[in-house]
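Participant: return a 3D structure for these sequence lines:
(one chain, ligands or ions: 1)
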Amino acid sequence: MPERWFRQAVIYCLDVDTFQDSNGDGVGDLPGLIDRLDHLARLGITCVWLNPIHPSPDRDDGYDITDFYAVHPALGSLGDFVELIHQSNNRGIRVMIDLVVNHTSDQHPWFQSARSSPDSPYRDWYVWSLDEPSDLRQGMVFPGYQDTTWTFDDEAGAWYYHRFYDFQPDLNMANPRVRQEIEKIIGFWLQLGVAGFRLDAAPFVIELTEPGVAEPRRDFSWLEDFNKQLSWRRGDAVILAEANVEREELIKYFGDGHRLPMLFNFILNQRTFLALAREEVGPILQALAETPAIPDTCQFATFLRNHDEVDLGRLVGHEHDEVFAAFGPDPKMQLYGRGIRRRLAPMLGNDRRRIEMAYALQFSLPGTPVIRYGDEIGMGDDLSLPERNAMRTPMQWSNTRHAGFSTSSRKSDLRRPVISGGEFGFETVNVVDQQRDPTSLLSWFQRALLILRECPEFGAGKCSYIDTGRRSVLALIHDAPSGAMLAVVNLAHTGCSFDLGRQQCQDGSPIDVFADKNYPNVTDNLDGIEIGPFGYRWIRLRRTIGARAGSASGR
Ligand code: NOJ
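Facilitator: Sure, this is the predicted structure:
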């Protein structure tokens, strides 16, 4: 049985092109990232997930690919990529990449060939309709920025299907040759040393699209094939899938553990924002109750922010409005009618206590945490940039020119403008300053992740909720062979105290291992537990020495 490292991992998501530029051309690159690996090692993450790194016209930040077997020349070469894997692994960090195979760029040679003639060997690699489909606007993902899901191509003399923008034609998964090619892509990158993939748009990948069919069938067996290919090539590799679907659907993606090992928990993400807005834990408890039980070999991934908007599409109308009112009241902060295009620090009013609490909450929830680059220093967003680019500005390394991101002499060369001035500008928010300051958010993250790694129960344990009698206080117990951890998080701006009563999994005296401040010791019977405004406490209830021996895991 391969080790399940992903259940105890901390994943860090980054865009190479906005992380660190090494050659002064204004675009981040792989050598730049290699140079910054020590920052990631010191932060305490165990895996990086790279947003797409392939050649691309970059009309959707790299999610429009023209060659699945290469690295975008602006980012470096395949040689640089292998060096990145080597240098990362040396520091105990695994590397995952995005697997974007629902579609290609319309500039991909496959599509160029497909559109050129009905006889092209690639014609059937895409989804075509000779007649105008009746459902031109069905299922658009980017309303306001996308007009249709079918577009007429003059050269092909036919309509092609695209779930996303019109420059991203969908691949025809029903074609076995397309699926074989995807397996080849998986095999290629595994051979180069990746630890796995973040599968983009999983529900659309397995859709059998046909013109006029509003609810296309999904073939889950393809996921089994991809997963088989993955584990045959590398036993401990994983696919982490993006599947923002209903609860009943979710479980089908895991199968009996033979489909996908890991999925983002979108339901929990949306309900966490509602809970933060209300300062009440109810929505989180509801999400945990709604989250289906999953096979032992599988895992959810938790996140607060990622490279996309906060998608609130699964909240009902008034809940949705509450989150908008709390965290994205200005229409320019909102996107696609369903989401918020902001980073977390500005959403939480740059309130340090609340930011810490939000991450302590994320790390306390069941699942593997995924964090977004820049959030460890509390970066802000730039709402003057279009759509989701608002949260994709360059990493702020120092208070020197271009935030230390690039040595380019021209601002206009930068991949995106650096945030400058104000409370989120690089002059105020940057790695160098925070590294020197033991009270900084960065120092807090380093401590939090270090302690999280000492508490494998959070990722691998069985999680249960205990009623605190306080609407704002979440109390979760994570119980594993190695021990038991109690996490207490207060979502409200006022403190309180509560009784829990001795727990069965307890052994010896409880010990505070991490908290927002020094609290009086908890008593053996867990009564009168104090928690401050936006406070959090991780309390060890049991530690079983020797239980982890033999499991090669460890975060
Ligand atoms: C989901 C990705 O997260 C998003 O950034 C992208 O635009 C779409 N898939 C299309 O690939």
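
Participant: how close does residue 431 sit to residue 405?
Facilitator: Distance from residue 431 to residue 405, counting by CB to CB, to the nearest Å: 11 Å. From N, CA and C alone the C-beta is placed, and that goes for glycine too.

Participant: residue 494 and residue 531 touch, don't they?
Facilitator: No - using CB atoms under 8 Å as the test, residue 494 is too far from residue 531 to be in contact (10.1 Å).

Participant: who's more crowded, these two?
Facilitator: residue 531 (24 against 10; other CB atoms under 10 Å).

Participant: let me see the contact set for the residue nearest to the more buried one when sequence neighbours are not counted.
Facilitator: Spatially, and ignoring its direct neighbours in sequence, residue 531 is nearest to residue 490 (4.4 Å; CB to CB, 6 or more residues apart in numbering). Under the criterion of CB atoms under 8 Å, 6 or more residues apart in numbering, the neighbours of residue 490 are 357, 470, 472, 473, 474, 496, 531, 532, 533, 534, 535, 536.

Participant: one more: residue 161?
Facilitator: Residues 126, 127, 128, 129, 149, 150, 169, 170, 209, 211 are the ones in contact with residue 161 under the rule CB under 8 Å, 6+ apart.

Participant: the contacts of residue 490 in helices, which ones?
Facilitator: residue 357 (DSSP state H).

Participant: the ligand: which of the contacts of residue 490 is nearest?
Facilitator: residue 357 (26.6 Å; CB to the nearest ligand atom).

Participant: what's the burial count for the nearest residue to that closest one once chain neighbours are set aside?
Facilitator: By the measure of CB to CB, 6+ apart, the closest residue to residue 357 outside its immediate chain neighbours is residue 534, 4.1 Å from it. By other CB under 10 Å, the residues close to residue 534 number 26.

Participant: swap in the one 5 residues further on?
Facilitator: By the other CB under 10 Å criterion, the neighbourhood of residue 539 contains 24 residues.

Participant: quick one: name the residues of the stretch 301-450 of the chain near the ligand.
Facilitator: When proximity is defined as CB under 6 Å from any ligand atom, the stretch 301-450 of the chain approaches the ligand at 307, 308.

Participant: what are the boundaries of the strands in the stretch 301-450 of the chain?
Facilitator: Here the stretch 301-450 of the chain has its strands, by DSSP state E, counting those that start in this stretch, at 310-311, 334-335, 339-340, 368-372.

Participant: the longest helix along the chain - contacts with which helices or strands?
Facilitator: Scanning the chain for the helix with the most residues, using DSSP H, yields helix 176-191. In this structure, helix 176-191 makes packing contacts with strand 94-99, helix 221-233, judged by 3 or more CB pairs under 8 Å, 6 or more residues apart in numbering; DSSP states H and E.

Participant: in that helix, what's buried?
Facilitator: Under the neighbour-count criterion of 16 or more other CB atoms under 10 Å, helix 176-191 has 178, 179, 181, 182, 183, 185, 186, 189, 190 buried.

Participant: from what I see, the last one and residue 230 are in contact.
Facilitator: Yes - taking CB under 8 Å as the contact criterion, residue 190 and residue 230 are neighbours in contact, 7.0 Å apart.

Participant: mind listing the shared neighbours of the two?
Facilitator: Joint contacts of residue 190 and residue 230 (CB under 8 Å, 6+ apart) are residue 237.

Participant: residue 486 pairs with what?
Facilitator: When bridges are called by DSSP bridges, residue 486 pairs up with residue 477, residue 539.

Participant: any low-confidence regions in the protein?
Facilitator: Low-confidence segments of the chain, defined by pLDDT under 70: 1-3, 549-555.

Participant: for the residue of it found nearest the ligand, grab the count of nearby residues.
Facilitator: Nearest residue of the chain to the ligand (CB to the nearest ligand atom) works out as residue 63 at 3.3 Å. By other CB under 10 Å, the residues close to residue 63 number 22.

Participant: isn't it right next to residue 101, touching?
Facilitator: No - between residue 63 and residue 101 there is no contact under CB under 8 Å: 11.0 Å.

Participant: now do the shared contacts for the two.
Facilitator: Common contacts of residue 63 and residue 101 (CB under 8 Å, 6+ apart): residue 200.

Participant: sorry, back to before: which one of the helices and strands packed on helix 176-191 is the most hemmed in?
Facilitator: strand 94-99 (a mean of 22; mean count of other CB atoms under 10 Å).

Participant: can you list the strands that it pairs with?
Facilitator: When DSSP bridges is applied, strand 94-99 pairs with strand 47-50 (parallel), strand 196-199 (parallel).

Participant: in JSON lines, list the ones you listed along with distance to residue 296 and mean neighbour count.
Facilitator: Below are those laid out as JSON lines (distance: least, CB to CB, whole Å; neighbours: other CB atoms under 10 Å):
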{"stretch": "strand 47-50", "distance to residue 296": "21", "mean neighbour count": "24"}
{"stretch": "strand 196-199", "distance to residue 296": "19", "mean neighbour count": "25"}
